[in-house]
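*Asks:* A predicted structure for the sequence below; I have some questions about it.
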Amino acid sequence: METKKLNESFQPALKFAGVLGTVGGFVGDVLSPLGPILNYLLYLSIILLIISLVFMILLPAEKKGLFRTSSLSTLFFAIIFGAFGQLNQNTENGFMGDNIELIADFQSSLNLIDQKLDVISEQIEGVDTKVVEIDSKLEDGFEDLKKDVKELSTENSEKLDLISYQQEEVLTSIDKLNDIGEDLRETLGIKRITFSINQKNRIESQLKSQDYKRIYNFFNRRFLDFNFWNSSVEENRQNKELALLKIPNTDIGYYIKATNAFQERDYYLAEKLLDSALAINPKSYFGYHLRGQIPDNESKLEDLNRSYSLQPNSFVISYTRGFYYLDNQDYENAIPDIYQALKQTNFEAIDIAGNLIPCYWNLQEWSSIVDLIQKVDYQRLNEYLNENLGREEFLSSYNILPLLNTNNVADITFIKSDVYSEVDNIYVGYFLNNPEQYIPYFTKNNGKSITLNQKDIFGFGAAGLKQPIRDKSYIEVEPVVFYIERNSKNNQLISEIRGSEINEVFTIVFKVMEPRENDKIDGEVLFLKKGIANISNEEDFPEFKKLKVKESGLITNW
């Protein structure tokens with residue numbers, strides 16, 4: 001009889017528990033990232049089973065039917081949840097979450113994976129504290145904010161040794177990189193990107209590979225070492241290809257993809273790829289640097305500031321931010337960044353020096369231009385400015401640059417102040433050619449006017465800088481007329497002068513002639529060379545012994 005009643009209760013209990021238990025097992029497996037839900041369901045089933053058995057034993061026979069069915073149902077629940085629990089063991093996100101990508105994507109959409117903060121709970125508290133400090137300082141200006149962000153960004157990161165180029169240790173846990181606090185993430189401009197479990201596993205694996213460390217170290221070194229930047233062009237191409245092949249799902253991989261899109265002017269794609277790069281590594285200064293150059297990016301400066309705060313020793317980042325200021329005609333802010341970048345290249349980067357010149361020029365910081373000319377290769381700088389500005393613009397402005405150097409430059413103001421006492425004195429200086437100037441072919445000797453024969457004498461106009469020049473003052477030049485004897489030795493020089501453009505520079509050694517009028521300066525040319533010649537360099541003056549020159553340009557041993 002009891003066996004018959006048990007059989008009658010078996011099928012309803014099996015159907016009820018089978019359907020509901022299976023559904024519950026699936027749900028519990030999917031929600032595994034929230035906790036051991038299947039274990040809780042198993043424990044609950046066992047407790048209900050024990051209660052049902054107790055009531056079935058203690059109650060009269062006519063009331064045992066209900067608890068007989070209940071006991072069988074809870075037994076089946078326990079068996080089903082126990083089976084699901086076995087499958088769920090040793091998995092990160094449940095059996096189905098680890099093996100079925102659709103389930104993994106569903107878990108990611110619920111942000112369940114991102115809830116695991118146990119690894120960095122102490123760091124989160126520190127970050128939250130820092131966020132409060134940053135929020136309180138936003139009103140005090142961006143400089144204070146940048147200082148705090150820089151302090152935070154350097155935690156748990158080792159800087160690459162510039163000399164030994166030892167490999168830099170980088171964060172490789174996506175959980176740690178993502179869970180930095182939503183407020184700070186918003187402050188840094190980092191978008192939260194969710195990855196499927198399979199993609200997440202690929203990212204983790206690639207971040208921990210030797211290929212990642214070596215390729216990261218390569219690009220890091222290029223951003224820090226100007227000489228290596230120039231000497232590793234082919235290696236740069238090879239490492240980009242290797243990054244796309246070996247570590248395409250890392251921050252470096254997405255960064256390389258973004259640079260390719262940027263070069264093709266697909267700025268929308270570049271920005272999306274950079275979002276992924278920064279989601280993987282919010283401390284990627286490469287990503288911020290490139291994002292700060294996207295034309296439609298309304299937060300260019302903020303991104304460049306973030307990049308600089310993460311790696312202030314990069315000549316590339318300093319130059320990019322300085323060029324941003326220059327492009328916006330903010331010369332005062334451009335100068336420190338561009339000068340720092342140039343200094344980090346040991347003053348070898350002529351293109352950087354070429355963009356520092358207009359900053360000084362527009363602010364009339366002439367002494368800074370002189371200092372710059374003395375530190376860089378002026379001939380290369382001259383060629384760079386000519387090529388990039390165009391000959392006409394260069395001659396109308398920056399060709400006067402060498403005249404600002406007060407060493408071995410004739411002080412026209414000094415000569416003009418008492419030209420009579422300077423007659424027959426010999427000076428050297430740099431002068432701008434002025435073919436449009438009127439040339440009077442007469443002079444004076446002992447107060448008497450003398451007409452010069454144009455068949456024997458060639459005259460040409462020039463302009464010399466008035467000394468001294470002070471910062472923030474207007475540059476003035478004084479017209480000078482020079483005469484050179486026509487002979488076989490000077491014929492080539494005369495042809496070169498006549499064929500020269502306005503404002504071209506000449507180095508001229510001349511003897512002061514008696515003035516035609518009180519305020520005019522004439523000179524008899526003793527030596528002339530197109531361009532800048534160093535009077536103290538015997539290679540520039542091979543036919544002369546080493547000359548002694550005063551600061552005013554007066555030669556005392558001609």
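*Replies:* Structure received. Just so it is clear, the model here is predicted, and its values are computed rather than measured. Numbering: from 1, shown residues only.
*Asks:* Tell me the spacing between the residue nearest the centre of the chain and Gln89.
*Replies:* Among the residues of the chain, the one closest to the centroid is Ile317, at 2.6 Å (C-alpha atoms, centre = their mean). Using C-beta to C-beta, to the nearest Å, one obtains 49 Å as the distance from Ile317 to Gln89. Just so you know, the C-beta spots here come from the backbone N, C-alpha and C atoms, and that holds for glycine as well.
*Asks:* number of nearby residues for Lys472?
*Replies:* The local packing of Lys472 (other C-beta atoms under 10 Å) involves 8 other residues.
*Asks:* Is it in contact with Ser367, as I believe?
*Replies:* No: between Lys472 and Ser367 there is no contact under C-beta atoms under 8 Å: 10.2 Å.
*Asks:* Name the helix or strand of this structure that has the lowest mean pLDDT.
*Replies:* None of the helices or strands of the chain scores lower by mean pLDDT, DSSP states H and E than helix 174-178, at a mean of 41.
*Asks:* how about the strands in the stretch 301-450 of the chain?
*Replies:* The residue ranges that make up the strands of the stretch 301-450 of the chain, judged by DSSP state E, counting those that start in this stretch, are 426-433, 442-445, 448-451.
*Asks:* hmm, back to that, separation between the residue nearest to the centre of the chain and Lys529?
*Replies:* When Ile317 is compared with Lys529 (using C-beta to C-beta), they lie 42 Å apart.
*Asks:* ditto for Ser473
*Replies:* When C-beta to C-beta is applied, the distance between Ser473 and Lys529 equals 29 Å.
*Asks:* Mind checking which of those two has more residues around it?
*Replies:* For Ser473 versus Lys529, neighbours defined as other C-beta under 10 Å are more numerous around Lys529 (15 against 11).
*Asks:* in a strand, that's where the more buried one is, yeah?
*Replies:* Yes: in this structure, Lys529 lies within a strand as judged by DSSP: H, G, I helix; E, B strand; the rest coil.
*Asks:* where exactly do the helices run in the stretch 151-300 of the chain?
*Replies:* 174-178, 182-188, 197-207, 210-224, 226-231, 233-246, 251-263, 267-280, 285-291, 300-310 (DSSP state H, counting those that start in this stretch).
*Asks:* Could you tell me the least trusted of the ones you listed?
*Replies:* Out of these, helix 174-178 stands lowest, with a mean of 41 (criterion: mean pLDDT).
*Asks:* which stretch among the helices of the stretch 151-300 of the chain comes nearest Val54?
*Replies:* helix 197-207 (43.5 Å; C-beta to C-beta).
*Asks:* got the contact list for the nearest residue to Cys359 once chain neighbours are set aside?
*Replies:* Leaving out its chain neighbours, the residue that sits closest to Cys359 by C-beta to C-beta, 6 or more residues apart in numbering is Tyr331, at 4.4 Å. Under the criterion of C-beta atoms under 8 Å, 6 or more residues apart in numbering, the contact partners of Tyr331 comprise 325, 358-359, 362-363.
*Asks:* contacting residues around Phe228?
*Replies:* Taking C-beta under 8 Å, 6+ apart as the definition, contacts of Phe228 comprise 221-222.
*Asks:* Quick check: it vs Glu235, distance?
*Replies:* Going from Phe228 to Glu235 by C-beta to C-beta gives 9 Å.
*Asks:* again with Gly82
*Replies:* When C-beta to C-beta is applied, the distance between Gly82 and Glu235 equals 58 Å.
*Asks:* quick one: which of the two has more around it?
*Replies:* In this view Gly82 and Glu235 are compared by other C-beta under 10 Å, and Gly82 has more residues nearby, 16 against 13.
*Asks:* pretty sure the more buried one contacts Tyr43?
*Replies:* No: assessed by C-beta under 8 Å, Gly82 is found out of contact with Tyr43, at 10.4 Å.
*Asks:* Tell me who's in contact with the nearest residue to Thr259 once chain neighbours are set aside.
*Replies:* Spatial nearest neighbour of Thr259, excluding adjacent residues (C-beta to C-beta, 6+ apart): Leu290 at 6.3 Å. Under the criterion of C-beta under 8 Å, 6+ apart, the contact list for Leu290 reads 255, 258-259, 262, 270, 274.
*Asks:* could you redo the last one with a cut-off of 10 Å?
*Replies:* Applying C-beta atoms under 10 Å, 6 or more residues apart in numbering, one finds that Leu290 lies in contact with 255, 258-259, 261-262, 270-271, 273-274, 277, 284, 297, 303, 307, 320.
*Asks:* Identify the bridge partners of Leu465.
*Replies:* According to DSSP bridges, the partner residues bridging Leu465 are Val477.
*Asks:* what residues go with each domain of the chain?
*Replies:* Each structural domain of the chain that the record assigns through automatic domain parsing is listed here as a residue range: 2-114, 122-313, 318-403, 412-530.
*Asks:* For Lys548, which of those is the nearest?
*Replies:* Within the domains of the chain, the stretch nearest Lys548 is domain 412-530; the backing value is 11.0 Å (C-beta to C-beta).
*Asks:* ok, back up a step: show me what contacts the residue nearest to the centre of the chain?
*Replies:* 223-224, 285-286, 288-289, 292, 304-305, 307-311, 337, 340-341, 344.
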